[in-house]
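S.K.: Provide a 3D model corresponding to the input given below.
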Amino acid sequence: VWRTLLRLVFHDELPKKEWPTGGSRWYQVVAGLLDEPDSDWWDDQGTAGTETRDDVLAAAMRDAWDGLQDRLGDDPHGWRWGELHALPLESQTFGQSGIAPIEWLVNHGDVEVGGGESTVDATGWSANHGFKTDWVPSMRMVVDLSDLDASRWVNLTGASGHAWHEHY
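M.R.: Here you go, the predicted model:
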């Protein structure tokens, strides 16, 4: 709904290079607009009528539902965020080398991930480019303040640089 709402509200009035990416700044912009149901931002400049906040919110929900059904099927119980929000595991060093055996060795395809920009399980995506994960933290850490030696951390790239290691 968020991605669709941003498209419906802003794509008709802003140049493509300024379309909202969906980050926290846009939460504030939309939050302010929600208090203005007749703002010109809600109106789709490409239609003869005049849309209001409620029209656009309803359309965003309908369009989002239709889009999810098209991509994930008719049964919402089977929908998985990770299917849309996958993380491409591609080696930055050799992943686009043009040498097929090397790319096969170091690239591991897409992995379904959860989270989002505003969650503890932080992973990012851009409303302009779909739901594919486009950033993740390079490290995650859990600190046990009662026993610092019990604290744990992990690098995104795993604990091993060896392509055949179970933790690669």
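S.K.: quick one, what contacts the spatially most central residue of the chain?
M.R.: Residue closest to the mean C-alpha point of the chain, counted by CA atoms, centre = their mean, is residue 125 at 2.7 Å. Applying CB atoms under 8 Å, 6 or more residues apart in numbering, we find residue 125 in contact with 22, 85, 116-117, 131-134. All C-beta atoms are positioned from the backbone trio N, CA, C, and that covers glycine.
S.K.: same thing with residue 154?
M.R.: Counting by CB under 8 Å, 6+ apart, residue 154 has contacts 139-140.
S.K.: again, but for residue 108
M.R.: 89-90, 168.
S.K.: Out of these, which sit inside strands?
M.R.: Secondary structure from DSSP state E places residue 89 of these in strands.
S.K.: Let's have the contacts of residue 108 in JSON lines, adding pLDDT and neighbour count.
M.R.: Shown next, in JSON lines, are those (pLDDT from 0 to 100; neighbours: other CB atoms under 10 Å):
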{"residue": "89", "pLDDT": "83", "neighbour count": "16"}
{"residue": "90", "pLDDT": "84", "neighbour count": "15"}
{"residue": "168", "pLDDT": "73", "neighbour count": "14"}
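S.K.: Dump the contacts of residue 108 into JSON lines; add distance to residue 70 as well.
M.R.: What follows is the contacts of residue 108, written out as JSON lines (distance: CB to CB, whole Å):
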{"residue": "89", "distance to residue 70": "26"}
{"residue": "90", "distance to residue 70": "27"}
{"residue": "168", "distance to residue 70": "35"}
